[in-house]
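Undergrad: Dropping the sequence and predicted coords here.
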Amino acid sequence: MKILFVCLGNICRSPSAEGVFRHALERAGMQHEVSVDSCGIGPWHVGKGPDARAREAALRRGIDIGTLRARQLAPVDFDEFDYLLAMDHDNLSALQAQQPAGSKARVELFLNYADTAEKAVPDPYYGGEQGFETVLDLIEEASEGFIAHLQRGDK
């Protein structure tokens with residue numbers, strides 16, 4: 001199983017999701033069954049590490065995302081990954097517009113797997129530190145829900 005987390009620039013939300021989800025997979029003993037990556041819709045930050053505030057917030061929770069590097073979504077991702085999980089509705093629309101006909105990849109909002117009315121992970125880039133904590137809270141909840149989905153063998 002291969003999972004790709006997608007946000008706008010791949011420096012805040014999607015690398016946070018990648019790190020949190022890897023950590024959740026390890027706790028569930030599933031780290032060898034599922035591979036995880038992240039990317040951005042746009043090219044603005046390609047090659048750069050996650051935003052310092054995202055790194056610091058993740059580290060406070062024992063998750064190191066400092067080695068990750070931003071990359072842009074590529075057409076091959078729709079063949080390589082089973083799930084492309086968008087952080088918000090704009091990301092979802094961009095993925096749906098780029099998904100090739102015949103692609104079997106599931107393209108969804110990541111927060112569909114969280115037990116919350118919120119369906120979009122807010123972009124914390126222009127806000128303060130609390131925004132990054134909120135992002136991590138939502139990602140942790142969705143990660144647990146998505147792992148439960150995988151364990152049930154849901155399609």
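TA: That came through, no problem.

Undergrad: secondary structure class for residue 144?
TA: helix (DSSP: H, G, I helix; E, B strand; the rest coil).

Undergrad: Would you check that my belief about it contacting residue 24 is correct?
TA: Yes - using CB atoms under 8 Å, residue 144 is in contact with residue 24, at 6.4 Å. No exception for glycine: its C-beta is placed from N, CA and C like everyone else's.

Undergrad: Which residues belonging to the helix or strand containing residue 148 are considered buried?
TA: Element membership of residue 148 [criterion: DSSP states H and E] is helix 129-152. By neighbour count on 16 or more other CB atoms under 10 Å, the buried set for helix 129-152 is 131-132, 134-136, 138-147, 150.

Undergrad: Contacts for that helix next, please.
TA: 1, 3, 12-13, 16-17, 20-21, 24-25, 28, 30, 34, 53-54, 56-58, 61, 85, 110-116, 118, 121-122, 124 (CB atoms under 8 Å, 6 or more residues apart in numbering).

Undergrad: what helix or strand does the nearest residue to residue 41 once chain neighbours are set aside sit in?
TA: Nearest residue to residue 41, sequence neighbours excluded (CB to CB, 6 or more residues apart in numbering): residue 94, at 4.7 Å. In the assignment (DSSP H and E), residue 94 maps to helix 89-98.

Undergrad: Tell me how far the residue nearest to residue 41 lies from residue 40.
TA: 10 Å (CB to CB, to the nearest Å).

Undergrad: contacting residues around the nearest residue to residue 121 once chain neighbours are set aside?
TA: In this structure, residue 121 finds its nearest non-sequential neighbour in residue 87, 4.2 Å apart by CB to CB, 6+ apart. Neighbouring residues of residue 87 by CB under 8 Å, 6+ apart: 5-8, 13-14, 17, 109-110, 120-121, 123.

Undergrad: where does residue 87 land on pLDDT?
TA: Per-residue pLDDT puts residue 87 at 98.

Undergrad: Please apply the same query to residue 31.
TA: Per the predicted model, pLDDT is 96 at residue 31.

Undergrad: Please apply the same query to residue 90.
TA: Listed pLDDT for residue 90 reads 98.

Undergrad: Repeat that for the one 4 residues further on.
TA: The predicted local distance difference test score for residue 94 is 98.

Undergrad: What is the neighbour count of it?
TA: Residue 94 has 19 neighbours, counted by other CB atoms under 10 Å.
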